[in-house]
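[1] Fold the stuff below for me.
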Amino acid sequence: MSIGVRRLLAILTAVIIIFGWYITVVGIGGIGPLQDNLKLGLDIKGGVYVVMEAQTDLSGAELRRLMDQTQTVIENRVNQMGLSEPVVTTEGEKRLRVELPGAEDAEEAIATIGRTAMLQFVLADGSFVLDGSMVRDAGVSQDTRHGGYAISLEFNREGTAAFAEATRKAYNRQVVPMSAEYPANAILIILDGIVISSPTVNDGPIENGSAQITSGRPGGFPQAEAVNQAALIRGGALPVDLQEITSSTRTATIGIDALEKSVVAGVIGFIILFMIMLVGYRIMGVAANIALSLYVILVLWILVLMGGVLTLPGIAGLILSIGMATDANIIIFSRIREEICNGKTVRVAIQSGFKRAMGTVIDAQSTSMIAALVLYFAGTSSVRGFALMLMIGIIISVFTAVSVTRLYLTVLCESKMFSSKRLFGVNEDNEPIIKIREFRFVKNRRVYYLISIIFITIGLSLAATGVRDFNYGIDFTGGTMMQVDMGRFVPAEEIQNALAQTGINAEIVYAGENNHQAIMRTMQSLNTEQRTAAVDGLKAAFGIGDQSVLAVDQFGPSVSKELRNNAIMAILIASLGMFFYIVFRFEWKFGLATVFGVFHDVLFVLAFYAIFQITINNPFIAGILTVVGYSLNDTIVIFDRIRENLGFMKKNRTEEIVDKSVNQTLTRSIMTSVTTISVMIPLMLMTSPAITEFVLPLLVGVIVGTLSSIGLCSPVYYQLTQLTGGPKYKMKRSKKQD
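    A predicted model of the protein is given here:
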């Protein structure tokens, strides 16, 4: 590609970025700004979600059929609430998750969802014929008279007799219709007070216990309509009790406030990141910042096109992914700078640097993708939003780093003004302007081992002995959390006394400006009646209204047990996936050293949480898995350099090769950590507790993961080579020399 074409593409890309940001912020024509196109999660726009479990012993195909029927009934029920975009989905085998954006009365909504379906057949005058318990089955059949599809019904013995008598009256028009809308020969099928069908009896009484509902028009019912009608009728005929196992209520006020704070924190983090890239990488930082500007636009609009829902954890994932997106650029920039130091011209160094860095970039991002995939499929709804943002971010970051950054660097290097070595961080003697002294990591490995062993042993021992047990949140223990705006500071004793009047014991913490918000947490999972009683008691005691109840979260004991098991399983699956990937791309000693580092990082973060009594909850799982992916990302960059140096430094001892490799990638490790932390700190200091819960384990994990990649994984690999007779790569080459 000629330089003229590259310049044209660079100008076109800049125009697209400017235009993209204009549309994102302002909108144009029929395309509104981003905020009008993004779907907001319940934790931002307000509403209710509830997960309910079917109380049944059915399994296999029968269970799936029952759950499909129940889902159809509930979808019909929530659609009658007049809410925008209600969502009903299955979770696992026996559970349904119902999301109700904009629901104002949470308790009424949950009670309505959980009510057993009421199906009735009545005559046109409103007189009762039979209920759902008398319907044996409902299905779809061919409409031989009109074509298309019909709905077939089967009744039990009691239902057969009742239906025969009712159809006799209807056929002979012995009833007086209660409304002109329905003829005298109609049989109304009513579900939850809503008429879902009103077929007429035209061919005489039906006495054999079977009936067929046809549309009465050419072509019959469309298949989808017939299937839906049959499912609704079956749902009434096969009612199942639904038990609430977890739920959450959020007001729009608390969600929008958290969103605004997150946006401000994101902008500040973005600016800090830009400045770090400019200071650290000069002209290469300019190219990276242009690529990052396009990166943000692409991630946000891809989320819109995918129909994704933006949640508070998703925002944390987006802002974190911006910090992690710089990693691909930093790997490439480090290579380019090394090539210049080796005496190559800037133009050749850029071409060579990109070529040599691509394998490292792909390996590093692949391990992060494995962690994100495991997180997505093993996590709950909120955690999935976080994982989705990470996955989109990983893919787009590689694209922008490889294409956009490269485009601008190749254009800039053709200019005398911008092709100076100093602008790439190298002086005229082909040495880095900023030098970092070399360290002997292998020799001093025991110092890091000792620090890690002491810290992890103290933390886990305190937890094991119960001196400072893990501070599990209600996600893991089960229980109920209510956040209420009291309008003033109210002493904890007064709130506890008011709740005690309703038979509820709770611990109190404060939030909001001047501690006007009280967060009440119980270790028992309160049912709908108990939560209503608690709220009514607070209203009576402190004169607050419904609008003061900002959030309610409820987790049953079964959910908390599953979360613990899923957390352990997710970490094991992610670790195995990464181990096999590394073995495939490197060798087993690299893989074993990497997995050793993963478990070290997980144990270190757990010890940190135990010592400082930080709450462990559902976001903690996302944090741990992201830490695993991030730590491996850093480790693989170092291992890739070790593997490369094993081929070039054949006469050096393995210890020297490992130390040299770690020192060569040290600047990259530090810069990647600094850029990631720079976008985390504003999130930690300025946003809501929900986002802080996601960010804190990440912040600790990034620091620990960076240190373990440098001071633990590489020395462990060295020791494995000593135990097994040397690195595979050196042994292969020595055999060739022989």
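[2] Tell me, what's the model's pLDDT at residue 536?
    pLDDT, residue 536: 88.
[3] That one: neighbouring residues, count only.
    11 (other Cβ atoms under 10 Å). The way it works is simple: take the backbone N, C-alpha and C, and place the C-beta from them, glycine included.
[4] which ones are touching it?
    residue 502 (Cβ atoms under 8 Å, 6 or more residues apart in numbering).
[5] Unless I misread the structure, it falls within a helix.
    Yes - according to DSSP: H, G, I helix; E, B strand; the rest coil, residue 536 belongs to a helix.
[6] any weak-confidence spans in the stretch 101-250 of the chain?
    For the stretch 101-250 of the chain, applying pLDDT under 70 flags the ranges 104-107, 110-117, 235-239.
[7] quick one, strands of it?
    Using DSSP state E, counting those that start in this stretch, the strands of the stretch 101-250 of the chain run over 119-123, 128-131, 135-142, 149-155, 187-191, 194-197, 210-213, 242-250.
[8] The longest one: how far from the chain's middle?
    Centroid separation between strand 242-250 and its chain, computed with Cα atoms, centre = their mean, to the nearest Å, is 19 Å.
[9] next one: stretch 306-325
    9 Å.
[10] Could I get the buried residue list for that stretch?
    For stretch 306-325, burial by neighbour count (16 or more other Cβ atoms under 10 Å) applies to 308-325.
[11] just to revisit the earlier point, and the strands of the stretch 101-250 of the chain: which comes nearest residue 222?
    Closest approach to residue 222 among these (Cβ to Cβ): strand 149-155, 7.1 Å.
[12] Tell me the helices and strands packed up against the longest helix along the chain.
    Identified as the longest helix of the chain according to DSSP state H is helix 346-378. For helix 346-378, the elements it packs on are helix 312-341, helix 381-399, helix 406-412, helix 557-585, helix 618-648, judged by 3 or more Cβ pairs under 8 Å, 6 or more residues apart in numbering; DSSP states H and E.
[13] Okay, angle between the first one and helix 346-378 too, please.
    This means helix 312-341. 150 degrees (axes from the mean of the first three to the mean of the last three Cα atoms, to 10 degrees).
[14] where does residue 483 fall, phi/psi-wise?
    When read as degrees, to the nearest 10, the backbone of residue 483 gives phi -110, psi 120.
[15] got it, and the one 4 residues further on?
    Reported as degrees, to the nearest 10, the phi and psi values for residue 487 are phi 80, psi -10.
[16] On the pLDDT front, check it for me.
    89.
[17] now do the one 4 residues further on
    What the model reports for residue 491 is a pLDDT of 92.
[18] Could you do residue 342 as well?
    We have a pLDDT of 89 for residue 342.
[19] which residue sits closest to it in space, ignoring its chain neighbours?
    Nearest residue to residue 342, sequence neighbours excluded (Cβ to Cβ, 6 or more residues apart in numbering): residue 430, at 7.4 Å.
[20] Number of residues surrounding that neighbour?
    12.
[21] Out of the helices and strands in the chain, which is least certain?
    Using mean pLDDT, DSSP states H and E, the weakest-scoring helix or strand in the chain turns out to be helix 728-737, at a mean of 50.
[22] mind checking the end-to-end distance for stretch 610-620?
    Terminal residues of stretch 610-620 lie 13 Å apart, using Cα to Cα, to the nearest Å.
[23] and what of stretch 520-539?
    End to end - Cα to Cα - stretch 520-539 spans 14 Å.
[24] 147 is where my numbering starts, stick with that
    In the new count, where the first residue is 147, that last one comes out as stretch 666-685.
[25] tell me which residues in it are buried?
    Those would be 666-668, 671-672, 674, 676-681, 683-685, for stretch 666-685 by 16+ other Cβ under 10 Å.
[26] how many other residues sit next to the nearest residue in space to residue 777 that is not next to it in sequence?
    Excluding the flanking residues, the one nearest residue 777 by Cβ to Cβ, 6+ apart is residue 851, at 3.1 Å. By other Cβ under 10 Å, 32 other residues sit near residue 851.
[27] Surely residue 851 and residue 783 touch.
    No - using Cβ atoms under 8 Å, residue 851 is not in contact with residue 783, being 12.0 Å away.
[28] coming back round to it: hmm, which of the buried residues of stretch 666-685 is lowest in pLDDT?
    Lowest confidence among these: residue 674, with 76.
[29] Was I right to think that one contacts residue 390?
    Yes - if you go by Cβ under 8 Å, residue 674 and residue 390 touch, sitting 7.0 Å apart.
[30] which residues touch the closest residue to residue 763 other than its chain neighbours?
    Distances taken as Cβ to Cβ, 6+ apart place residue 619 nearest to residue 763, at 3.3 Å, with adjacent residues excluded. When contacts are counted by Cβ under 8 Å, 6+ apart, residue 619 touches 761, 762, 763, 764.
[31] okay, now the domains of this protein?
    The chain breaks down by automatic domain parsing into domains covering 157-186, 199-261, 265-383, 408-570, 591-610+705-883, 625-701.
[32] Contacts only, for residue 608.
    614, 615, 756, 757.
[33] Nearest residue to the first one in space, ignoring adjacent ones along the chain?
    When you say that, I think you mean residue 614. residue 608 (4.1 Å).
[34] Doesn't the one you found lie inside a helix?
    Yes - with three-state DSSP as the criterion, residue 608 is assigned to a helix.
[35] Report the separation between it and residue 555.
    Distance from residue 608 to residue 555, counting by Cβ to Cβ, to the nearest Å: 51 Å.
[36] How about residue 496?
    For residue 496, the distance to residue 555 - Cβ to Cβ - is 5 Å.
[37] And residue 698, by the same measure?
    Distance, residue 698 to residue 555, using Cβ to Cβ: 53 Å.
[38] thinking again about what came up before, closest to residue 475 among the contacts of residue 619?
    residue 764 (32.3 Å).
[39] close enough to count as contact, the closest one and residue 621?
    Yes - with contacts counted by Cβ under 8 Å, residue 764 reaches residue 621, the gap being 4.2 Å.
[40] so where's the stretch 447-596 of the chain shaky on pLDDT?
    525-529.
[41] Now do the helix or strand containing residue 665: which elements does it pack against?
    Using DSSP states H and E, residue 665 sits in strand 663-668. Judged by 3+ Cβ pairs under 8 Å, 6+ apart, strand 663-668 is in contact with strand 625-631, helix 638-646, strand 653-657.
[42] partners of it, with directions?
    strand 625-631 (antiparallel), strand 653-657 (antiparallel) (DSSP bridges).
[43] Now tabulate the strands of the stretch 247-396 of the chain in a markdown table and tack on distance to residue 196 and mean neighbour count.
    Shown next, in a markdown table, are the strands of the stretch 247-396 of the chain (distance: least, Cβ to Cβ, whole Å; neighbours: other Cβ atoms under 10 Å):
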| stretch | distance to residue 196 | mean neighbour count |
| --- | --- | --- |
| strand 265-269 | 22 | 22 |
| strand 274-277 | 26 | 18 |
| strand 281-288 | 27 | 17 |
| strand 295-301 | 30 | 22 |
| strand 333-337 | 20 | 22 |
| strand 340-343 | 21 | 14 |
| strand 356-359 | 33 | 18 |
| strand 388-396 | 4 | 23 |
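[44] if we can go back for a sec, from the contacts of residue 608, which two are the most distant?
    Top of the distance list for those (Cβ to Cβ): 615 and 757, 11.5 Å.
[45] With neighbour numbers in mind, choose between these two.
    residue 757 (15 against 12).
[46] Name all residues that make contact with that one.
    Neighbours of residue 757 in contact, by Cβ under 8 Å, 6+ apart: 604, 605, 608, 614.
[47] What about residue 148, how many residues nearby?
    7.
[48] pLDDT wise, what is it at?
    80.
[49] Same check on the one 5 residues further on?
    On the pLDDT scale, residue 153 is placed at 90.
[50] Excluding chain neighbours, what is closest to it?
    Nearest non-adjacent residue to residue 153, counting by Cβ to Cβ, 6+ apart: residue 557, 5.6 Å away.
[51] next one: residue 613
    In space, residue 613 is closest to residue 607, 8.0 Å off (Cβ to Cβ, 6+ apart).
[52] Could you check how many residues crowd around residue 628?
    Neighbour tally, residue 628, other Cβ under 10 Å: 24.
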